[in-house]
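Enquirer: sequence first, predicted model second:
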Amino acid sequence: MTPAIETSALIKHFGATRAVDGIDLRVERGAVYGLLGPNGAGKTTTIRVLATLLRPDGGSARVLGLDVVREPDKVREKVSLTGQFASVDEDLTGHENLVLVARLFGYGWKPARTRADELLAAFDLAESAAKQVRIYSGGMRRKLDIAASLVVTPELLFLDEPTTGLDPRSRNQVWDIVRSIAAGGTTVLLTTQYLEEADRLADRLAVIDRRAASSRAPSAATPCTCGSRTPRSRATPSGSCARSWAVECTMDRTPIRSPPASTVTARSPRRSRHSHRPGSVSRSSPSASRASTTCFSR
């Protein structure tokens, strides 16, 4: 079976700023894969390339077996994106937002209302369905935004820092939602700044580091049994040398049990040409980054 995501030496730059510099990824289907890194490391830019919102300047990327440059429309039919900032309309109610997205996907009025009711119940938002989104808390808005991404159940879901700025209770609720989505068979690519979040949710993760040299092993705060370290060198455009350590780790902890997959009911699009919801895209400026990746596996 072809992997959900496969990139080779992926590059994206904005003028003289190289936001993504030679990223290699392989994400198997059905997994939760984490991209961990600081602000400006290139995580959001990588997701935007994979979601066909940006065209790469070098290397290759395939999503669900489809080339993101040659077959972008087919990629969009199979993926969904929840960006860093909620894309819901604050002047509409939670129910109206989901009905609007369902109608864009080709649902009739009655099926759209039914699907909205299902998602609001699954995400514990039914009591606030008739309230304007402008009075929702940050956690409620985030849950509604993710719900909008699941009006039509995608094969691959991109979650760009889904819990940034949330309080601990809302963060735990979003984590439960991600586990439920993955338990239903959807592949999830998750970006995060938090090691704990990657540790709790991801089956495998890659660390993207913008620094010119990175030789750090995984943090001692994350228990792991490490294999061999292999130093790798590569010349940067300026001719200097960047070195990174590749460390394979197995997480040593009790597995986390996901809630039943039936929590969120899968749905297919009515018309495939509408199967890509207008994405909620980060408007943050790209930062220079030197992307070195280190993979960990459970």
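Expert: Structure received.

Enquirer: confirm for me that S8 is in contact with S60.
Expert: Yes - here S8 reaches S60: they are 5.0 Å apart, a contact under CB atoms under 8 Å. Quick note: C-beta positions are derived from backbone N, CA and C, even for glycine.

Enquirer: got the buried residues for the particular helix or strand that has E197 in it?
Expert: E197 belongs to helix 195-201 when elements are defined using DSSP states H and E. Going by neighbour count (16 or more other CB atoms under 10 Å), the buried part of helix 195-201 is L195, E197, A198, D199, R200, L201.

Enquirer: which helices and strands sit right next to it?
Expert: When contacts are defined as 3 or more CB pairs under 8 Å, 6 or more residues apart in numbering; DSSP states H and E, helix 195-201 packs onto strand 32-36, helix 168-183, strand 187-192.

Enquirer: could I have the CA atoms of the shortest one written out in CSV?
Expert: Listed in CSV are the C-alpha atoms of strand 32-36, where the atom choice follows Å, rounded to 0.1, in the frame of the first residue of the first chain:
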residue,chain,number,x,y,z
VAL,A,32,-1.1,9.9,13.6
TYR,A,33,2.2,11.5,12.6
GLY,A,34,3.6,14.5,14.5
LEU,A,35,5.7,17.4,13.2
LEU,A,36,7.4,18.9,16.2
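
Enquirer: and that strand with strand 187-192, angle?
Expert: 20 degrees (axes from the mean of the first three to the mean of the last three CA atoms, to 10 degrees).

Enquirer: after strand 32-36 comes which helix or strand?
Expert: Following strand 32-36 in sequence, per DSSP H and E, is helix 43-50.

Enquirer: roughly how far is that next one from the heart of the chain?
Expert: 9 Å (CA atoms, centre = their mean, to the nearest Å).

Enquirer: please apply the same query to stretch 63-76.
Expert: Centroid displacement of stretch 63-76 relative to its chain, using CA atoms, centre = their mean, is 17 Å.

Enquirer: what sits up against that stretch?
Expert: Stretch 63-76 is contacted from outside by 2, 4-5, 49-52, 55-56, 60-62, 78-79, 155-156, 275-276, using CB atoms under 8 Å, 6 or more residues apart in numbering.
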